[in-house]
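Participant: Following is a predicted model, sequence given first.
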2 protein chains.
Amino acid sequence: MEPHEPDLTAVPVTAVLAALADDVRLQIVRALAEGGEAACGSFDFGVSKATRSHHLKVLREAGLTRTRAAGTSRLVRLRRDEVDKLYPGLLDAVLTPRPAA
Amino acid sequence: MEPHEPDLTAVPVTAVLAALADDVRLQIVRALAEGGEAACGSFDFGVSKATRSHHLKVLREAGLTRTRAAGTSRLVRLRRDEVDKLYPGLLDAVLTPRPAA
DNA sequence: GGTGTTGTTCGATCGTTGTCGAACAAGGGT
DNA sequence: ACCCTTGTTCGACAACGATCGAACAACACC
């Protein structure tokens, strides 16, 4: 299967924002930002594995994550450098659970 | 009519992102960031005035804009200071039409 | 080869949302 | 008073998206 991990510059800004505008996906991104690489199954946020797979696909196709196979698992990691380069401040602004300014 | 302009801290991050995750609304925000205060009617992006009104409502209820009456018009402005304070880098990261990194 | 684990994909459901025309409301001008 | 301009609100409709269970695929391990 083709992973289909597009270049971030090829993804519309609205698609990146839409990918982040979901609570489950935001939790996944936060977990990735903290824990680095993680298996798909490690994200149990009260949704079925079908839904989880869907969310990971959305993040991947938005250019936010990369996935590589490792045995029966798949390891996901955040493309932090590229995102920070193209959208500086975006992840920092969004990653904190409660800004509490 | 109650304007219903919530405090930004009371709006979930996902709602702010969702408000920005639309092409028409992003164009509006960009126009506001450039031109300062503007009347609702000045945003003609190929949608009907009903749709435009809807988008301005979404932006307002996401805590991103403020609206004040001025004669028959309504002037809208971006709450830039507050957004920058709570989500530093968000608008900067999103406002450029083509990042071209 | 068979079994178990891990993800993906399919089809269906159901809520959300972007869009429009039409009706309505509020002001300003003449 | 009348009309025009400016926005909002009200259905209605179509498209999208989040969710699930079930079926399928790939791999490891015994």
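Facilitator: Alright, I've got the coordinates. Residues are numbered from 1 along each chain as shown, chains lettered A, B, ... in the order given.
Participant: Pull the number of nearby residues for the closest residue to DNA strand C within chain A.
Facilitator: Of chain A, the residue with the smallest distance to DNA strand C, taken as C-beta to the nearest atom of the strand, is residue A:41 at 2.5 Å. The way it works is simple: take the backbone N, C-alpha and C, and place the C-beta from them, glycine included. Neighbourhood size, residue A:41 [other C-beta atoms under 10 Å in any protein chain shown]: 11.
Participant: list the contacts for the residue lying closest to it once chain neighbours are set aside?
Facilitator: Once flanking residues are discounted, residue A:41 sits nearest to residue A:73: 6.9 Å by C-beta to C-beta, 6 or more residues apart in numbering or on different chains. By C-beta atoms under 8 Å, 6 or more residues apart in numbering or on different chains, the residues touching residue A:73 are A:39, A:40, A:41.
Participant: Over to residue A:63?
Facilitator: Residue A:63 makes contacts with A:5, A:6, A:7, A:8, A:10, A:11, A:16, A:79, A:82, A:83, as judged by C-beta under 8 Å, 6+ apart.
Participant: quick revisit: model confidence score at the residue nearest to residue A:41, please.
Facilitator: Reported pLDDT at residue A:73 in the predicted model: 94.
Participant: Repeat that for residue A:4.
Facilitator: 77.
Participant: How about the secondary structure of it?
Facilitator: When classified by DSSP: H, G, I helix; E, B strand; the rest coil, residue A:4 comes out as coil.
Participant: Kindly report the residues of chain A close to chain B.
Facilitator: Applying C-beta under 8 Å from any C-beta of the partner chain, we find that chain A lies next to chain B at A:9, A:12-15, A:17-18, A:20-23, A:26, A:85-90, A:92-94, A:99-101.
Participant: Narrow those residues to just the buried residues.
Facilitator: Neighbour-count burial (16 or more other C-beta atoms under 10 Å in any protein chain shown) applied to those gives A:13-15, A:17-18, A:20-22, A:26, A:86-87, A:89-90, A:92-94.
Participant: Now tabulate the contacts of residue A:63 in CSV and tack on secondary structure and neighbour count.
Facilitator: Listed next are the contacts of residue A:63 as CSV, based on DSSP: H, G, I helix; E, B strand; the rest coil; neighbours: other C-beta atoms under 10 Å in any protein chain shown:
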residue, secondary structure, neighbour count
A:5, coil, 15
A:6, coil, 12
A:7, coil, 9
A:8, helix, 18
A:10, helix, 8
A:11, coil, 16
A:16, helix, 24
A:79, coil, 19
A:82, helix, 16
A:83, helix, 20
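Participant: Of those residues, which one scores lowest on pLDDT?
Facilitator: residue A:5 (89).
Participant: you'd agree that one is up against residue A:60?
Facilitator: Yes: using C-beta atoms under 8 Å, residue A:5 is in contact with residue A:60, at 5.8 Å.
Participant: Does residue A:75 fall in a helix, a strand, or a coil region?
Facilitator: Classified using three-state DSSP, residue A:75 is strand.
Participant: Cheers, nothing more for now.
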